[in-house]
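Undergrad: compute the structure for the input listed below.
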Amino acid sequence: MDSNNMAKNNKHKRGFATDAIHVGSEPNLKDGGSGDVVVPIHLSTTFARSKLKEPTGGYAYSRSGNPTRAALEKNLAVLENGTAAFAYSSGLAAITNVALLLKSGDHVLCIDDVYGGTRRIFTRAFEKFGVEFTFAEFINAKDAQKFIKKNTKMIWIETPTNPLMKIVDIASVSKSAKDNGILTVVDNTFCTPYFQKPLDLGADIVVHSMTKYLSGHSDVTAGSIIVKDSKLAEKIGFFQNAAGCILSPFDSYSVLRGIKTLELRMQKHDKNTMDVVEFLSKHKKVKKVYHPTIPTHPGHEVAIKQASGFGGTFSFELVGDLDSAIKFMESLRLIYIAESLGDQVTLINHPATMTHADVPPDERKKIGIADTLLRLSIGIEDAEDLIGDLSQALDKI
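TA: Okay, the predicted model is just below:
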C-alpha cells in the first residue's frame, strides 16, 4: 500500500468531545456574522422574508424550524451517527411522536421493564386508538420472535432497562426486525451516544429523554429522536411540525450547553457507579445489585459487547420490607429522594411508588419490581462521600 492510500485509510475521525463541543456551535465568520462562539438564543416566533416564496435562511415560523433548535438537532445527529435529529419539549413528547408512525391495527412489541411513562402513554392513550402492545422480556432476536405477530410494526427497546437494567441485543433484534419490515426503536437515555450508538447496531430510531444525561443539570425538560433513513426523517419531521411538541429556543440552548461536558460527566458518572456498585454488592443488608458489569448479570456479555459504559443509573434490592426501604431512603443526607436521573447530584428513587406507580402491582411483581427495589442515579460528587452516606443509612435499618 502506497503512502497516499495509507493516509486516506487512516483519515482522522474527530473525537466525541470535539464534536459535542463544536457541531452546531460553529461561529458565523461570514460578512455580517457576529462570530459567536456560543449559539445565540433565537426567541423570535416568526421570520420576515424579502421574497414571498423564499423564507430567509429557510426559517418561517418557529414551530417549523428555529436556528437555536436546529443547532442542537445538528449536534445530536452527529453524536448518534444519524442523518437527522428532532428536539422535543420532553422525552415523552418524543416517544409520542414516534408512536404517531403507527396506525390502528398495528402491533408493538415492547420490553417489559420499560419506563413507566412509556408504558402509560402506550396503554392509556394509543391502545384507545387501536394500537396493540405486548410487553415481554426478550434478550435477542430468538426471544423476540416468540412475540412477533403478522401485524407487528415496531419493536421498542430500552437497554439497559429502567429500573432493572435488563439488556437487549440491539444488533440481533434489529437485523431480525429489518428482515421482517419492522422498525426498531431504542431508548438510549441511560447510556447516551457517548457509551452506546444504537443506529450503528442497526436500530432505525433512537430516542432520548434529554432531561437526563444530555442536559445533565436537572434544569431542562427535553426529548429527542435521531434517525438515519431520509424517508423516516421526513415522516418524523412532519409529525414534529404537525403536533408542535417542539423544544423552546432557551431549552435548546441549555441542552446544547450541557452536551459540551457530556464526555467528562459520563466518565465520572461511570467511575463513581463502579465504586458504589462494588460497595453495595458486598453489604450484608443488600439482597441484590442490578448492573450489567456484574458477571452474573444475564445480559453481561451482550452489554459489554454493544456498550463501552453504562453511566450512573442502576438498581438494588434491600434485605427487609417496604418499611426498611423507606427508613433507608429517609436516612440519607447527601443523596436526595427525587424523580429523574442523569443529574450532577445523586438521586434515589423508589420505583414501586414513584416512576412505576401506574403499573399494576401484579404486573410490577411479574416484571421483578419489588417494594424493596431502589434505583440510584449516581452523580459526579466524590464517590467516598456517596458511599459514606449509603453506609450510614444502611446502618439504620
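
Undergrad: counting neighbours, what do you get for the closest residue in space to Ala87 that isn't next to it in sequence?
TA: Among residues not flanking Ala87 along the chain, Leu247 sits closest, at 4.0 Å (C-beta to C-beta, 6 or more residues apart in numbering). Quick note: C-beta positions are derived from backbone N, CA and C, even for glycine. When neighbours are counted by other C-beta atoms under 10 Å, Leu247 registers 29.

Undergrad: hang on, Leu247 packs against Arg69?
TA: Yes - the criterion here is C-beta atoms under 8 Å, and Leu247 meets it with Arg69 at 5.6 Å.

Undergrad: need the overlap of contacts for the two.
TA: Ala87 (C-beta atoms under 8 Å, 6 or more residues apart in numbering).

Undergrad: thought Leu322 was touching Leu373?
TA: No - between Leu322 and Leu373 there is no contact under C-beta under 8 Å: 10.3 Å.

Undergrad: between the two, which one's more packed in?
TA: For Leu322 versus Leu373, neighbours defined as other C-beta under 10 Å are more numerous around Leu373 (23 against 14).

Undergrad: give the bridge partners for the closest residue to that one other than its chain neighbours, please.
TA: Counting by C-beta to C-beta, 6+ apart, Glu317 is the residue found nearest to Leu373 once chain neighbours are left out, at 5.2 Å. Residues in a beta bridge with Glu317, per DSSP bridges, are Lys288, Leu373.

Undergrad: can you give me the pLDDT of Glu317?
TA: Looking at Glu317, its pLDDT stands at 98.

Undergrad: who touches it in this structure?
TA: The contact partners of Glu317, by C-beta under 8 Å, 6+ apart, come to 286-288, 290, 370, 372-374.

Undergrad: so how far is Ala94 from it?
TA: Separation of Glu317 from Ala94 (C-beta to C-beta, to the nearest Å): 31 Å.

Undergrad: got it, and Ala20?
TA: 20 Å.

Undergrad: ok, Ala48 next?
TA: 31 Å.

Undergrad: with Phe310 instead?
TA: Using C-beta to C-beta, one obtains 22 Å as the distance from Phe310 to Ala94.

Undergrad: so for these two, which residue has more residues nearby?
TA: More neighbours surround Ala94 than the other of Phe310 and Ala94, with 29 against 26 (other C-beta under 10 Å).

Undergrad: kindly format the C-alpha coordinates of stretch 368-379 as PDB.
TA: Extracted C-alpha coordinates of stretch 368-379, given in PDB (Å, rounded to 0.1, in the frame of the first residue of the first chain):
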ATOM      1  CA  GLY A 368     -39.500  -8.000  39.200                       C
ATOM      2  CA  ILE A 369     -40.100  -4.600  40.700                       C
ATOM      3  CA  ALA A 370     -40.200  -5.400  44.400                       C
ATOM      4  CA  ASP A 371     -41.200  -3.000  47.200                       C
ATOM      5  CA  THR A 372     -37.600  -3.100  48.400                       C
ATOM      6  CA  LEU A 373     -36.200  -2.200  45.000                       C
ATOM      7  CA  LEU A 374     -34.400   1.200  44.800                       C
ATOM      8  CA  ARG A 375     -33.000   3.000  41.800                       C
ATOM      9  CA  LEU A 376     -29.900   5.100  42.200                       C
ATOM     10  CA  SER A 377     -28.700   7.800  39.800                       C
ATOM     11  CA  ILE A 378     -25.100   8.400  40.800                       C
ATOM     12  CA  GLY A 379     -23.900  11.900  40.400                       C
END
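
Undergrad: tell me which residues in it are buried?
TA: Using 16 or more other C-beta atoms under 10 Å as the test for burial, stretch 368-379 gives 368-379.

Undergrad: also stretch 353-361?
TA: By 16+ other C-beta under 10 Å, the buried positions in stretch 353-361 come out as 354-356, 359.
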